[in-house]
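Undergrad: sequence plus predicted model, see below.
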Amino acid sequence: SPIWKKSVVFILEDDAQNGPDHVDAHRSIAFVAGGFVKRNFVDHTMYSTSGLLRTIELILGLKPMSQYDAAATPLWRCFNKQADLSGFTSLEPGVDINQKNVAVNRNSKRSSLLNLTRPDEIDDLIFSEIVWQTVRGETSVMPAPRRGAFVRAGKPGMTDDDDDD
């Protein structure tokens, strides 16, 4: 594209829906594409959605919208100082995206009872278990959600009463 050198595209999963994985129940994937984005690079830094917003704000020269994006780590490791204008070869999908799963089993029956017509109408844990067992096997046991907290420790011995700021 003629605007490739001046563009960046951020792709972020909208809502992890409390689905557990081996790290955290709220983890999502994100992709970044553009002329200044590093090629063949996977960044394992823990970023948040606020970090992605902070990156966009920095690129556009905008002030942070809140304390959350102001304090967030921007995705600076994903970018080069020079644009890479070389082409790339797209890959054909390895799966037929038009193929439908028409299996009838315990979880397909459970799914048919869920109200998927409106957001947040279903129990996240039930839905996550259905997805887990569809991928891992009907009798597999879904792990309990793991939650992580990202906090900064205060000065040793400091209490909330000592903080006048």
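TA: Thanks, I have it.

Undergrad: looking at the spatially most central residue of the chain now. What's its pLDDT?
TA: Centroid-nearest residue in the chain: Ser28, 2.1 Å away (criterion: CA atoms, centre = their mean). Predicted confidence (pLDDT) for Ser28: 73.

Undergrad: so for stretch 44-64, what gets flagged as buried?
TA: Neighbour-count burial for stretch 44-64 flags Tyr47, Ser48, Thr49, Ser50, Gly51, Leu52, Leu53, Arg54, Thr55, Glu57 (criterion: 16 or more other CB atoms under 10 Å). Placement of C-beta: from N, CA and C, glycine included.

Undergrad: picking up where we left off before, list the contacts of the spatially closest residue to the residue nearest to the centre of the chain that is not a sequence neighbour.
TA: Once flanking residues are discounted, Ser28 sits nearest to Glu13: 3.9 Å by CB to CB, 6 or more residues apart in numbering. Glu13 makes contact with Ser28, Ile29, Ala30, according to CB atoms under 8 Å, 6 or more residues apart in numbering.

Undergrad: pipe those residues into CSV and attach distance to Ile122 per row.
TA: Below are the contacts of Glu13 laid out as CSV (distance: CB to CB, whole Å):
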residue, distance to Ile122
Ser28, 19
Ile29, 22
Ala30, 25
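
Undergrad: need the residues you listed in JSON lines (columns: secondary structure and distance to Pro119).
TA: Formatted as JSON lines, the contacts of Glu13 follow (DSSP: H, G, I helix; E, B strand; the rest coil; distance: CB to CB, whole Å):
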{"residue": "Ser28", "secondary structure": "coil", "distance to Pro119": "16"}
{"residue": "Ile29", "secondary structure": "coil", "distance to Pro119": "20"}
{"residue": "Ala30", "secondary structure": "strand", "distance to Pro119": "21"}
